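S.K.: got a predicted structure here, sequence first:
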Amino acid sequence: MGSLLDNSLQIISNTTGKSLFVRLWPLSTAPKGIVYIVHELGGHCLLYDVIAARFLEAGYTVASHDQYGHGLSSGTRLHTSNYQTYVADTLQCLEEVKCQYQDTDNVLLFGHGVGGLLAALLAAQNPGFVKGLILHGPIFKFLEEHASTVNVCWYLSYVLPLAYSPVNGTDPALLITDKDQRMKYARDPFIWHEGPRLSTIHAVTTAMGDLEQVEEPLSCPTLIQCGQDDQLLNKTNLTAWSKRCSKTTKLLFYEGAKHYLHMDTPECTIKVLDEMVKFCDVVRSEAASDTDDAVGSEAASDTDDAVGSEAASDTDDAVGSEAGSDTADD
């Protein structure tokens, strides 16, 4: 892969040789950190320009890619037999971006919807890799009202993997509050408007089970932001899941908002974006403080070792000198 700093749009190959579209929003100065965006199922990375713009303004560089079978990446639209492929692709692209910014290890991961499930899985399976996690309307479990339909999709996926699922969450009216943003979403040619295939429902359900099996889902600070009127969100499951996280997890609901918080009313969007930047700044500050404490502790240890060594040397010298004096007297 060539330098993303020289070309902010690139096509790279994943580990299986498939083409992935990567987007970098670079800074001309050293960034506070890297924010990596994981888009919603059926979406694409350029749908998050407003989030990228806000983080650039705050001093962070931003990157993302279109998942396999999405946007400008190759592959059958919304078809995957293994959700871990998405996790592996994201990890690969994020590693590539980190190579462009070797002076920073402050990596923050943003995931939206089913992309939030992917982000949480990546963080849980790679402890310490990301410093913080931001999730918008993460879907960790399907709604109970869809349970029987999901079960049917699961079994049918073995014989009809490319058939479309009746579980379709792409209606703009269900997703977005602002009417102008709804129209923009409905006309976006890179959004998959047909809904997921049966194979993908199977893969996503398996991934949900994988996350559920993790004893401590997250070891990093996490900000979860949700629309109060998000009709795709299983709030009961999400609330219970957030309480299992081992570090500070902040769960916020925005009144009147739906699934796409960054495409909501201007007032809501500004509030959401400001909260995201504030969270990342706090994570960065705490990480720097931890590093300073570690360095200070190591320096103190080195000083103690040096003092101990010097004291031992002085004692040895004194004992040797005294023994020599006694011998001379004899």
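M.R.: Here it is on my side, so go on. Here the structure is a predicted model, which is why all the values come from computation and not from measurement.
S.K.: please make it C-alpha for all contacts and neighbour counts, starting now.
M.R.: OK.
S.K.: just for the stretch 1-150 of the chain, where's the confidence low?
M.R.: Scanning the stretch 1-150 of the chain for pLDDT under 70 picks out 1-7.
S.K.: the same query, at a cut-off of 90, please.
M.R.: Residues of the stretch 1-150 of the chain that meet the criterion pLDDT under 90 lie in 1-10, 15-16, 26-29, 81, 98-105, 127-128, 144-147.
S.K.: near His146, how many other residues are there?
M.R.: Neighbours of His146 under the rule other CA atoms under 10 Å: 11.
S.K.: where's it relative to Ala257, distance?
M.R.: Distance, His146 to Ala257, by CA to CA, to the nearest Å: 22 Å.
S.K.: where does pLDDT dip in the stretch 151-300 of the chain?
M.R.: 165-171, 193-196, 212-219, 240-249, 286-300.
S.K.: what distance separates stretch 230-240 from the middle of the whole chain?
M.R.: Averaging C-alpha positions (CA atoms, centre = their mean, to the nearest Å) puts stretch 230-240 19 Å from its chain's average.
S.K.: how about it: buried residues?
M.R.: Neighbour-count burial for stretch 230-240 flags 230, 232-235, 238 (criterion: 16 or more other CA atoms under 10 Å).
S.K.: I'd say Cys220 and Asn126 touch.
M.R.: No. Assessed by CA atoms under 8 Å, Cys220 is found out of contact with Asn126, at 10.7 Å.
S.K.: the more surrounded of the two?
M.R.: Neighbours per residue, other CA under 10 Å: of Cys220 and Asn126, the larger number sits with Cys220, 22 against 13.
S.K.: helix, strand or coil for that one?
M.R.: The three-state label given to Cys220 by DSSP: H, G, I helix; E, B strand; the rest coil is coil.
S.K.: gap between it and Gly111?
M.R.: 14 Å.
S.K.: what does His136 give?
M.R.: For His136, the distance to Gly111 - CA to CA - is 6 Å.
S.K.: now do Thr80
M.R.: 19 Å.
S.K.: His70 too?
M.R.: For His70, the distance to Gly111 - CA to CA - is 15 Å.
S.K.: may I see the buried residues of stretch 94-103?
M.R.: In stretch 94-103, counting by 16+ other CA under 10 Å, buried: 94, 96-98, 101.
S.K.: max pairwise distance over those: which two?
M.R.: The largest separation in the buried residues of stretch 94-103, counting by CA to CA, is between Leu94 and Tyr101 at 10.9 Å.
S.K.: which other residues reach the helix or strand harbouring Cys226?
M.R.: Element membership of Cys226, judged by DSSP states H and E, is strand 222-227. With contact meaning CA atoms under 8 Å, 6 or more residues apart in numbering, strand 222-227 is reached by 132-138, 247-261, 272, 276, 279.
S.K.: buried subset of those, written for ChimeraX?
M.R.: With 16+ other CA under 10 Å as the criterion, this ChimeraX line picks the buried residues out of the contacts of strand 222-227:
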select :132,133,134,135,136,137,138,249,253,254,257,258,259,260,261,272,276,279
